[in-house]
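[1] Kindly generate the corresponding structure for this input.
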Amino acid sequence: MKNFQINLFYFVSCLFLFYSCDSNNELSNNLPDDTITENGVHVVIEIPAGTNKKIEVDKYSGKFEADQENGEDRMINFLPYPGNYGYIYNTMMDEQSGGDGDALDVLVIAENLPTGTHLEVIPIAVLFLKDDGEIDTKIIAVPSDQSLQVIDAADFSTFFMKYNAAFQIIEKWFLNYKGVGQMELINWEDEKKAMAEIIKWQVEKTD
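    Residues are numbered from 1 along each chain as shown. Predicted structure coming up:
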């Protein structure tokens, strides 16, 4: 029975990987039309939890590539990412409106998810930071799929009260991953403000 369960686990895992990422490590063409759903919002994972290599999807080719710094793959010179890092699908922080020109960042609290995974998540908080004088917004989320959840929190209050250690770890990580003093904490806000930020930066998908 135990061997059967193990084999079933690997089979399901392989199916998940197959449908989440394509063989060329490119952004899937089967992404949903809408950013916001009845169960949460759609996100795309670029950097798996527990890794240090900075990976981003190219805006033009759709390929996931290592970010380059001085001709070499950029590595985070700190502890590995404490969650799966990516972006809220179909968002763009318009520079004319005070954004940085990129999609809205998200940290998904879950076990390691491969680069290219797209899934529905529940936003539970938003962390506002200042990076080199500019506002840097991080949505904190958990998977909508309960089988992928590792913490039992669907709102900011529960996250802060029940998992305060995780709250502190995430805050300290973002304040130090670029080096001491590089990032400045502005404040945390709840799940309602997180969703308001997503709506604010959502863009209409055109045919």
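
[2] hey, C-alpha coordinates of the longest strand along the chain in CSV?
    Secondary structure of the chain per DSSP state E: the longest strand is strand 118-131. As requested, the backbone C-alpha atoms of strand 118-131 are provided in CSV (Å, rounded to 0.1, in the frame of the first residue of the first chain):
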residue,chain,number,x,y,z
HIS,A,118,0.7,29.0,-13.2
LEU,A,119,-1.9,28.6,-10.5
GLU,A,120,-4.7,30.3,-8.6
VAL,A,121,-3.8,31.8,-5.3
ILE,A,122,-5.5,33.7,-2.5
PRO,A,123,-3.9,37.1,-1.7
ILE,A,124,-3.6,37.4,2.1
ALA,A,125,-1.4,40.5,2.5
VAL,A,126,0.6,43.1,0.7
LEU,A,127,4.1,44.3,1.7
PHE,A,128,5.1,47.8,0.7
LEU,A,129,8.8,48.5,0.5
LYS,A,130,11.0,51.2,-0.9
ASP,A,131,13.8,50.1,-3.2
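
[3] That strand: what's the following helix or strand?
    Counting by DSSP states H and E, the next helix or strand C-terminal to strand 118-131 is strand 134-143.

[4] Need the residues that contact that following strand.
    With CB atoms under 8 Å, 6 or more residues apart in numbering as the contact definition, strand 134-143 has outside contacts at 40-41, 43, 83, 88, 93, 98, 100, 104-110, 119-130, 149-151, 153-154, 159, 170, 174, 183, 186, 194, 197-198. The way it works is simple: take the backbone N, C-alpha and C, and place the C-beta from them, glycine included.

[5] before we move on, back to that, average pLDDT for the longest strand of the chain?
    Here strand 118-131 scores 96 as its mean pLDDT.

[6] same deal with stretch 28-41?
    82.

[7] That stretch spans what distance, first to last residue?
    With CA to CA, to the nearest Å as the measure, the first residue of stretch 28-41 is 17 Å from its last.

[8] before we move on, the earlier item: keep only those of the contacts of strand 134-143 that are in helices.
    Cross-referencing the contacts of strand 134-143 against helices under DSSP state H gives Phe159, Ile170, Phe174, Ala194, Glu197, Ile198.

[9] can you give me the strands for this protein?
    According to DSSP E, the strands that the chain contains are 41-47, 55-57, 64-66, 68-69, 72-73, 84-88, 105-108, 118-131, 134-143, 183-189.

[10] which ones are touching Gly40?
    By CB under 8 Å, 6+ apart, the neighbours of Gly40 are Glu120, Val121, Ile122, Pro123, Ala141, Ser144.

[11] Find me the pLDDT at the nearest residue to the fourth one once chain neighbours are set aside, would you?
    Just to be clear, that refers to Pro123. Spatial nearest neighbour of Pro123, chain neighbours left out: Ala194 (3.9 Å); criterion: CB to CB, 6 or more residues apart in numbering. Listed pLDDT for Ala194 reads 98.

[12] Isn't Ala194 up against Ile124?
    Yes. Counting by CB atoms under 8 Å, Ala194 touches Ile124, with 7.1 Å between them.
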